[in-house]
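> this one's sequence-less:
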């Protein structure tokens with residue numbers, strides 16, 4: 001009777017590890033990234049689809065390609081340092097003796113490189129090529145706190161390779177179109193364990209996969225007067241199905257495969273899959289040259305997150321009906337809602353060589369409060385940005401930027417019980433955090 005009861009708890013725990021580890025937080029809106037060039041870190045991407053200041057316009061608004069009058073290469077790198085702290089409780093009904101209090105540090109260091117190239121073909125048409133990361137996240141909670149049963153580490157990476165063209169339709173009006181080829185990859189790692197198997201029963205549960213998919217982005221650019229222009233850009237949704245493997249390796253897997261913990265008998269799935277829809281978003285930007293020294297700019301981005309209704313993994317390696325299985329289905333409801341992101345900024349050209357930038361912004365969260373959890377403790381955030389440009393020679397320019405993101409207050413975490421089969425997990429606590437983003441960029445004009 002005791003063994004049957006303990007086996008049921010193990011089943012519940014493994015379900016918990018599967019369901020809670022599928023997603024976690026980065027310091028972005030859910031997992032949308034704004035850092036597709038280094039220079040815009042200095043103004044929090046204010047004016048990004050209207051300014052067309054360099055070859056990165058091929059991504060932000062390909063209609064701006066026609067404003068680049070010579071071949072140009074932009075190479076940038078963005079470093080993201082997050083500080084995410086959880087304090088509260090994690091209760092799993094399969095582990096009644098779990099310590100009542102849990103604290104964990106979920107911050108991480110990530111890099112987001114980017115590349116852009118523009119070549120004018122003639123006075124009417126130009127070509128662009130961008131390599132960027134429009135979506136992604138990385139969080140490391142570690143294996144030392146009880147949150148390891150919810151999530152140890154999670155990574156999602158999306159690389160977008162985009163050829164594009166810009167076309168002048170009139171003196172003050174241009175359009176552009178880009179095709180997006182995306183490679184998405186994801187990796188999730190969690191821990192399971194049970195007192196039945198002794199103090200060293202922690203068992204690694206992991207899943208990874210990759211996908212290739214296609215989309216597009218397009219834009220319009222209209223110049224009202226020489227000092228003022230507006231840009232409108234649209235990025236389509238992209239539907240991925242990530243395929244890969246899932247493994248459960250350690251005492252729990254050994255026990256349910258052989259009723260023994262003395263040998264390694266992992267539970268393995270070679271056809272795990274995860275459907276992931278990347279939402280469409282629309283960007284409206286305004287750029288105004290106030291005088292030869294000062295420029296003002298702003299951006300509003302509307303992201304259609306409501307396409308993300310749930311996260312579901314098929315053929316997950318776990319324990320089901322008190323037996324090893326590589327065909328477990330795990331479903332997490334998300335019910336994301338559409339969001340707005342706003343940025344306003346300014347530029348000051350101090351000399352022919354030095355330009356200084358600044359910006360502020362506000363970013364909504366797509367996650368309803370009732371679904372907010374320790375995996376994605378997302379909330380609205382504010383941004384403060386500073387940066388500058390140095391034109392070293394006629395051909396070479398350098399940009400540096402810094403953005404600070406912060407939550408206005410602690411984020412309450414008290415979602416309803418999350419269930420998969422017999423398993424139930426409850427978290428109750430708060431998360432607070434911030435992030436610092438540093439950008440660097442080299443612009444090379446081939447003249």
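Yes, it's here. Only a predicted model underlies this, so the values are computations on that prediction, with no experimental measurement involved.
> tell me the contacts of residue 275?
Residue 275 sits next to 239, 240, 241, 242, 312 when contact means Cβ atoms under 8 Å, 6 or more residues apart in numbering. Backbone N, C-alpha and C define where each C-beta goes, glycine included.
> try it again with 6 Å
The contact partners of residue 275, taken as Cβ atoms under 6 Å, 6 or more residues apart in numbering, are residue 241.
> so it sits in a strand?
Yes. The assignment for residue 275 is a strand, going by DSSP: H, G, I helix; E, B strand; the rest coil.
> where along the stretch 151-300 of the chain do the strands fall?
Listed in chain order, the strands of the stretch 151-300 of the chain (DSSP state E, counting those that start in this stretch) span 153-170, 173-192, 203-225, 228-235, 238-249, 267-278, 281-289, 294-303.
> of these, which is nearest residue 30?
strand 294-303 (8.8 Å; Cβ to Cβ).
> does residue 66 count as helix, strand or coil?
Per three-state DSSP, residue 66 ends up helix.
> contacting residues around it?
Residue 66 touches 126, 166, 168, 174, counting by Cβ under 6 Å, 6+ apart.
> poorly predicted segments of the chain, please.
Counting by pLDDT under 70, the chain has low-confidence residues at 1-29, 92-98, 100, 106-107, 193-199, 259-262, 373-376, 415-426.
> what segments of it are helices?
2-20, 57-60, 251-258 (DSSP state H).
> okay, buried residues for the last one please.
The one in question is helix 251-258. Of all the residues in helix 251-258, those buried under the rule 16 or more other Cβ atoms under 10 Å are 251, 252, 253, 254, 255, 256, 257.
> identify, from those, the entry nearest to residue 58.
So of those, ranked by how close each gets to residue 58 (Cβ to Cβ), first place is residue 253, at 48.1 Å.
> the closest one against residue 268, yeah?
No. Contact criterion Cβ atoms under 6 Å: residue 253 and residue 268 do not qualify, at 8.9 Å.
> give me the common contacts of those two.
With Cβ under 6 Å, 6+ apart, residue 253 and residue 268 have no common neighbours.
> one step back: tabulate the strands of the stretch 151-300 of the chain (a markdown table), appending distance to residue 388.
Below are those laid out as a markdown table (distance: least, Cβ to Cβ, whole Å):
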| stretch | distance to residue 388 |
| --- | --- |
| strand 153-170 | 27 |
| strand 173-192 | 28 |
| strand 203-225 | 25 |
| strand 228-235 | 23 |
| strand 238-249 | 34 |
| strand 267-278 | 32 |
| strand 281-289 | 18 |
| strand 294-303 | 14 |
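> so what's residue 229 closest to, chain neighbours aside?
Closest residue to residue 229 apart from its sequence neighbours, by Cβ to Cβ, 6 or more residues apart in numbering: residue 223 at 4.1 Å.
> what about the one you found, how many residues close to it?
Neighbour count for residue 223, taken as other Cβ atoms under 10 Å: 18.
> residue contacts, residue 244?
Contacts of residue 244 (Cβ under 6 Å, 6+ apart): 208, 209, 272.
> any chance of those residues in JSON lines, plus neighbour count and distance to residue 282?
Putting these into JSON lines (neighbours: other Cβ atoms under 10 Å; distance: Cβ to Cβ, whole Å) gives the following:
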{"residue": "208", "neighbour count": "17", "distance to residue 282": "32"}
{"residue": "209", "neighbour count": "22", "distance to residue 282": "29"}
{"residue": "272", "neighbour count": "23", "distance to residue 282": "34"}
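> run through the bridge partners of the nearest residue in space to residue 284 that is not next to it in sequence.
Excluding the flanking residues, the one nearest residue 284 by Cβ to Cβ, 6+ apart is residue 300, at 5.0 Å. Taking DSSP bridges as the rule, residue 300 bridges to residue 284, residue 342.
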